[in-house]
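fold the following.
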Amino acid sequence: MKKTALITGASSGIGEEFAKIHAEKRGNLIIVARSETKLKELKKELEDRYKIDVFVIVKDLTEKNATREVYEEIKNAGLKVDYLINNAGFGGIGKFNERDLEQDMAMINLNISALTSLTHYFLQDFIKNNEGKILNVSSTASLMPGPLQAVYFATKAFVSSFSNAIAEELKNTNITVTNLMPGATETQFGKISGMDKTIMFKKTASARNVAKAGYIGMLDGKLDVISGLTFTQKIMTLMIPLIPKKILLMQVKKMQEVK
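Numbering: from 1, shown residues only. Below is the predicted model:
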């Protein structure tokens, strides 16, 4: 039987690659994003190529009640979700006191609130059926504080902590929760957030490779998947707990300064 994956932020980047990878396995899709045009183009491409069913939901998940509306639309359509892939998210660079507060609150709404509520809604169904897989897209940013991206790094710290915690709560079930932590990835994220002009984004991983690692990790029921790091970045990541906090903060800030 075909598995159906619900993917948020599916119109570009890692989310689009998740959709393509699942379609290649002949799985059906529910794709969610704000861009109706991009979603419809992706739907046509994947349905024509792989003879699957793609259900489109155009929704801004930062808006109040948006996730509930997504859940109810899926239930009313008689669709069953097997894999929940919470990919939607965005960041933004700059000193916290100088950034637009509404933008940062929208970031919190999308990166934390939407992810949390969608997980809650669909987890009820997963528990009833004692099956299902959840993949939450966090970031290696979750491993440290992020001066000049204070809110973004903090939202991803929530995602990693939340994902690991509920994974433990569900360990005696057939439901798994995987936390994907990409490094700098070649997507629209870098340009939109301004990170493409920083040292941190000097070397980026392909969205395809990151999505593939996360998807495979989800199927295998892994707790954490770190993807898209160079050898040097992997060593630095392992050293984070050993670096004095003040030095770490200075290093992260320097890496995020726009050149």
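
ranges for the strands of the chain?
Applying DSSP state E to the chain gives strands spanning 4-8, 28-33, 54-58, 83-86, 132-137, 175-182, 185-186, 205-206, 224-227.

Serialize those strands to JSON lines and add fields for mean neighbour count.
Yep, even glycine has a C-beta here, placed from its N, CA and C like the rest. Formatted as JSON lines, the strands of the chain follow (neighbours: other CB atoms under 10 Å):
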{"stretch": "strand 4-8", "mean neighbour count": "24"}
{"stretch": "strand 28-33", "mean neighbour count": "26"}
{"stretch": "strand 54-58", "mean neighbour count": "18"}
{"stretch": "strand 83-86", "mean neighbour count": "27"}
{"stretch": "strand 132-137", "mean neighbour count": "25"}
{"stretch": "strand 175-182", "mean neighbour count": "25"}
{"stretch": "strand 185-186", "mean neighbour count": "20"}
{"stretch": "strand 205-206", "mean neighbour count": "17"}
{"stretch": "strand 224-227", "mean neighbour count": "19"}
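
of all those, which lies closest to E169?
Set against E169 and scored by CB to CB, the strands of the chain come closest in strand 175-182, at 8.8 Å.

burial count for F96?
F96: 13 surrounding residues under other CB atoms under 10 Å.

so it makes contact with Y152?
No: counting by CB atoms under 8 Å, no contact exists between F96 and Y152, whose distance comes to 10.4 Å.

give me the phi and psi angles of K25.
Note on K25: backbone dihedrals following degrees, to the nearest 10 are phi -90, psi 10.

for the spatially closest residue to it that is not a sequence neighbour, give its distance to G91.
The shortest distance from K25 to any non-neighbouring residue, by CB to CB, 6 or more residues apart in numbering, is to K3 (8.0 Å). Using CB to CB, to the nearest Å, we find K3 at a distance of 30 Å from G91.

neighbour count: the two, which is higher?
Shown here are K3 and G91; by other CB under 10 Å, G91 has more neighbours (22 against 17).

before we move on, back to that, of all the strands of the chain, which one is nearest D48?
Short answer: strand 54-58, nearest of these by CB to CB, at 10.1 Å.
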